[in-house]
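> Dropping the sequence and predicted coords here.
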Amino acid sequence: MAELITRKENAVGWVIFSNPTKFNAVSHDMWMALPKAIADFDVDPEVRLIVITGDGEKAFISGADISQFEKARGSAEAQAIYNQAVVDAYEAPVLCSKPVVAKIRGICMGGGLGLAAACDVRIIAEDAQFRMPAGRLGLGYNYTGIRRFVQMLGAANTADIFFSARKFNAADALAMGFVNRVVPLADFDREVAAYCEMVAENAPLTLAAAKFAIRQTGLDPDARDLDRVAHMIETCFNSDDYREGRRAFMEKRKPSFKGK
C-alpha cells in the first residue's frame with residue numbers, strides 16, 4: 001500500500017514515504033498529503049525539526065509512480081492538477097519555518113531528487129544512487145525546480161544531470177554540492193539521530209530566522225522580504241531564549257530553549 005506515514009519521536013517529526021514494492025514511488029495521494037503533514041509538524045511546539053525519508057533500506061524515493069501517469073496525467077486538465085500537487089509538495093519543506101532534513105539511502109531519483117533538493121539539509125548513506133530521468137520520460141520540468149537545482153549545483157551540473165539523465169552516486173552528489181554529508185551504512189542511523197539531536201537543542205527562533213533569511217537569498221531582489229528578516233532577528237534578541245542562552249554561556253551549562 002502506498003502511503004505517507006508520519007510519527008513524532010521526541011523533538012523530531014518524521015515523514016516517511018512508504019511504497020516499498022515500487023521503491024517508494026510517490027502516488028498522487030502521497031504528493032497531496034505531504035504539505036499537510038509538514039504543516040502539522042510546523043505548528044507543533046514539541047517538534048524542532050522534520051526528517052523526510054523512505055520506508056525500508058532500498059530507497060528514499062524512486063520518483064513519481066509512473067503507473068498513474070496515464071490516468072492522473074493523461075489530459076491537459078489532469079496534468080495541471082497533478083503538477084500543482086507536486087509543486088505544492090516541493091514547496092512545503094521550503095515554506096516550513098523549521099529545519100527539514102532529507103535522510104537518504106538507496107535510490108533517490110526523479111521526484112525524489114526534486115523533493116530532496118527542496119529540503120534544507122541532505123544526509124545520505126554511502127549506497128545512495130541518484131538520477132534525474134525527465135529527459136527519458138519526455139516531461140517538462142518547472143522553472144522553480146530548475147532554478148533550485150541551479151542555485152545548489154550550478155548551471156553546468158544541472159545541465160549535466162538533466163541532459164544525460166545519467167545515474168550518479170554518493171561521491172558525485174557530494175562533489176556537486178548536492179548533499180551535506182555521506183555516511184557509512186553502519187553509522188547512518190546513528191549519525192542522523194546525532195545530527196537531529198544537535199539541531200533540536202538549538203534556539204527555535206534563531207533557526208527560523210536563519211532559514212527565512214537563507215530563503216530570501218534565492219529570490220529575486222524585488223521579492224525578498226527583508227523587513228520580515230529584520231523583525232525575526234529583533235524577535236530573537238527580545239526573546240526569553242536569548243536571555244537563557246546568555247545565562248547558560250556564562251554558567252557554562254547547556255541552554256534549555258523554549259522557542260519564545
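Looks like it arrived, so ask away. Numbering: from 1, shown residues only.
> Please name the residues that touch residue 26.
By CB atoms under 8 Å, 6 or more residues apart in numbering, the contact list for residue 26 reads 2, 17, 19, 61, 63-65, 111-112. C-beta coordinates here come from the backbone N, C-alpha and C atoms, glycine included.
> And it, how far from residue 85?
Computed as CB to CB, to the nearest Å, the residue 26 to residue 85 distance reads 10 Å.
> One more: residue 93?
Taking CB to CB, one finds residue 93 at 15 Å from residue 85.
> try residue 67
Residue 67 sits 16 Å away from residue 85, going by CB to CB.
> Among the two, which residue is more densely surrounded?
Comparing residue 67 with residue 85 by neighbour count (other CB atoms under 10 Å), the higher total belongs to residue 85, at 20 against 11.
> State the helix or strand in which that one lies.
Using DSSP states H and E, the element containing residue 85 is helix 76-95.
> Give the other helices and strands that that helix contacts.
Contacts defined by 3 or more CB pairs under 8 Å, 6 or more residues apart in numbering; DSSP states H and E place helix 76-95 against helix 28-42, helix 69-72, helix 111-118, helix 143-153.
> so of these, which one's packed in deepest?
Among these, helix 111-118 has the highest mean neighbour count (mean count of other CB atoms under 10 Å), at a mean of 24.
> which residues sit against that helix?
Residues outside helix 111-118 that contact it (CB under 8 Å, 6+ apart): 17, 24, 26, 31, 52, 54, 59-64, 86, 89-94, 100, 102, 104, 108, 122, 130-132, 145, 148-149, 152, 178.
> From those residues, keep the buried residues only.
Buried subset of the contacts of helix 111-118 (neighbour count, 16 or more other CB atoms under 10 Å): 17, 24, 26, 31, 52, 54, 59-64, 86, 89-90, 92-94, 100, 102, 104, 108, 122, 130-132, 145, 148-149, 152, 178.
> if you skip the residues just before and after it, what's nearest to residue 17?
Spatially, and ignoring its direct neighbours in sequence, residue 17 is nearest to residue 24 (4.6 Å; CB to CB, 6 or more residues apart in numbering).
> distance of the residue lying closest to residue 32 once chain neighbours are set aside from residue 192?
Excluding the flanking residues, the one nearest residue 32 by CB to CB, 6+ apart is residue 85, at 5.2 Å. For residue 85, the distance to residue 192 (CB to CB) stands at 28 Å.
> Could you chop this structure up by domain?
Using automatic domain parsing, the domain parsing of the chain gives 3-199, 202-250.
> Show the backbone phi and psi for the nearest residue to residue 201 once chain neighbours are set aside.
Using CB to CB, 6+ apart and skipping residues adjacent in sequence, the residue nearest residue 201 is residue 254, 7.1 Å away. Phi and psi for residue 254, reported as degrees, to the nearest 10, are phi -80, psi 130.
> quick one: residue 254 and residue 204, what's the gap?
Distance of residue 254 to residue 204, given as CB to CB: 15 Å.
> These two: which is more packed in?
A direct count of neighbours by other CB under 10 Å for residue 254 and residue 204 places residue 204 higher, at 24 against 8.
> So the more buried one is in contact with residue 259, correct?
Yes. Taking CB atoms under 8 Å as the definition, residue 204 is a contact partner of residue 259 at 3.8 Å.
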